[in-house]
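>>> fold the following for me, if possible:
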Amino acid sequence: MQEIWRVGNLGLLFLVELAGLGIFAWWGWRTGPNTPVKLLLAIGLPLVAAVIWGLFAAPKADYGSPVVTAVVKVAFFGLAVLALWSLDHWVLGAVFLLVVVANFLAVRLGHLTV
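Predicted coordinates:
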């Protein structure tokens, strides 16, 4: 049962990271003034976020320290929630925030390695 809990929470962690990238793409597409800018934002924002995550917040990040990793994760998920709120999806933003916080607590309190 503990293995199912571990795999489930680590899988959910990966899914919320992917959802954050999707939210950045959605926000970029919706806020761009014309199609070229929409494409640039919808592709560029998630790409930049993924590179920053890979460098500083990934489990095997080359430049991550505990403080930097925490700051990058809070910024990533916080900006994703703000992006949802700016798209007038308040409830979806609140649910996403709740899932992220609950998953973070489950991973940390369960002492799961990430």
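>>> average model confidence for whichever helix in the chain runs longest?
In the chain, assigned by DSSP state H, the helix with the most residues is helix 2-31. In this model, helix 2-31 carries a mean pLDDT of 92.
>>> so how far is stretch 54-65 off the chain centroid?
Relative to its chain's centre, stretch 54-65 lies at 14 Å (C-alpha atoms, centre = their mean, to the nearest Å).
>>> give the other helices and strands that the longest helix of the chain contacts.
Contacts defined by 3 or more C-beta pairs under 8 Å, 6 or more residues apart in numbering; DSSP states H and E place helix 2-31 against helix 35-56, helix 66-86, helix 90-109. In short, each C-beta sits where N, CA and C put it, glycine included.
>>> so can I have TSV of those showing mean neighbour count, distance to Ala25 and mean pLDDT?
Putting these into TSV (neighbours: other C-beta atoms under 10 Å; distance: least, C-beta to C-beta, whole Å; pLDDT from 0 to 100) gives the following:
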stretch	mean neighbour count	distance to Ala25	mean pLDDT
helix 35-56	15	5	97
helix 66-86	16	10	96
helix 90-109	15	15	93
